[in-house]
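*Asks:* could you work out the structure for the sequence below:
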Amino acid sequence: MDRWVPVMESVRLDLGQALYEPGVTLAHAYFPVTALVSLLYVMESGASTEIAVIGNDGIVGISLFMGGGSTSSRAVVQSAGAALRLPVADLMSEFSRGTLTSHLLLRYTQALITQMTQTAACNRHHAIDQQLCRWLLLSLDRLPGTELVMTQELISNMLGVRREGVTEAASRLQRAGLIRYSRGRIQVLDRAGLERRACECYEVVRKEYCRLLPEFPKV
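*Replies:* Predicted coordinates:
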C-alpha cells in the first residue's frame, strides 16, 4: 500500500459506464469500493451475457498480470459508486516482485474463474428464478446495504434471458416476500429466503471465495 497509495486515484464509476472493451489494451486496473462491475461476453449480434461480477472483493483487469494485456470480455458498471484506479505499470511492478500481493492476486483470479465456470453451468441448467437469486446474492455480497439499483432490461442482459422472463421471476420473488421491486430498485427483504431458493451455484462460489480470500465476508 505504501507504493500504491501515492499513484492510486479515486474515481466515480457511473451506471452503464464501460471500463474496457474486447481486444482493447488496458491502461488501468480498477478496485471497486462501493461500485459493482459486470464482466460480459458480447456476441457478434450484440447480445451479451454476464460471466462474472466484481465488487469490493477484487480487481477489474486480471488479464494485465496474467500476461494478456487485453481480454475478450467487456467490463460495464452494474451499480454506480466509487473505485480506486491504478496505472498498469504500478500493478505490474508489484506483481513482478513476487510478494504476498502477487499471491493474493492469483488466489483472487482462481476464485473469479470459479465464479465464471459456475455461472456458465447455472445459465445452462437452472431456472430463471434460481439464476436471479444467485445473481442477487452475489451482488449483495459485494455491495454495502440491501438495495440494488437495476432495471429489468439490464438484468435480462446480464442473465442472457428475455426481459419478460426477468419480470415474471422478479414478480414471483416479490410475491414470496423475498424482495421489493419498484422503479428500477430492488430491495432484498429476506436474504435467508433467497439463499434457500437459489441453486447450489451461489454456495459453491461463496465457499471458494471464503477459502481463497480470508477477508471475504462470511455471510
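
*Asks:* could you identify the helix or strand that succeeds the lengthiest helix in the chain?
*Replies:* Counting residues, the longest helix found in the chain (DSSP state H) is helix 100-125. Next along the chain after helix 100-125, taking DSSP states H and E as the criterion, comes helix 128-141.

*Asks:* packing partners of that next one?
*Replies:* strand 48-54, helix 100-125, strand 147-149, helix 152-159, helix 163-175, strand 185-188, helix 191-197, helix 200-212 (3 or more Cβ pairs under 8 Å, 6 or more residues apart in numbering; DSSP states H and E). C-betas here are computed from N, CA, C, even on glycine.

*Asks:* now it against helix 200-212, angle please.
*Replies:* 30 degrees (axes from the mean of the first three to the mean of the last three Cα atoms, to 10 degrees).

*Asks:* CA atoms only for helix 128-141, dumped as PDB, please.
*Replies:* What follows is helix 128-141, C-alpha atoms only, in PDB (Å, rounded to 0.1, in the frame of the first residue of the first chain):
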ATOM      1  CA  ILE A 128     -34.500 -18.100 -14.200                       C
ATOM      2  CA  ASP A 129     -35.800 -17.800 -10.600                       C
ATOM      3  CA  GLN A 130     -32.700 -19.600  -9.400                       C
ATOM      4  CA  GLN A 131     -30.400 -17.600 -11.600                       C
ATOM      5  CA  LEU A 132     -31.900 -14.400 -10.400                       C
ATOM      6  CA  CYS A 133     -31.500 -15.400  -6.700                       C
ATOM      7  CA  ARG A 134     -27.800 -16.300  -7.400                       C
ATOM      8  CA  TRP A 135     -27.200 -13.000  -9.100                       C
ATOM      9  CA  LEU A 136     -28.900 -11.000  -6.300                       C
ATOM     10  CA  LEU A 137     -26.900 -12.800  -3.600                       C
ATOM     11  CA  LEU A 138     -23.500 -12.400  -5.500                       C
ATOM     12  CA  SER A 139     -24.300  -8.700  -5.900                       C
ATOM     13  CA  LEU A 140     -25.300  -8.300  -2.200                       C
ATOM     14  CA  ASP A 141     -22.000  -9.900  -1.100                       C
END
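
*Asks:* before we move on, back to that, quick one: buried residues of the longest helix of the chain?
*Replies:* 101, 104-105, 108-109, 111-112, 114-116, 118-119, 122-123 (16 or more other Cβ atoms under 10 Å).

*Asks:* can you check stretch 131-143 too?
*Replies:* 131-143.

*Asks:* and the protein, what are its domains?
*Replies:* 9-121, 126-212 (automatic domain parsing).

*Asks:* any idea of the mean pLDDT in the first one?
*Replies:* Read that as domain 9-121. Domain 9-121 carries an average pLDDT of 90.

*Asks:* what's the answer for the shortest one, then?
*Replies:* When the per-residue pLDDT values of domain 126-212 are averaged, the result is 84.

*Asks:* can you give me the end-to-end span of it?
*Replies:* Criterion Cα to Cα, to the nearest Å; first-to-last residue distance in domain 126-212 is 26 Å.
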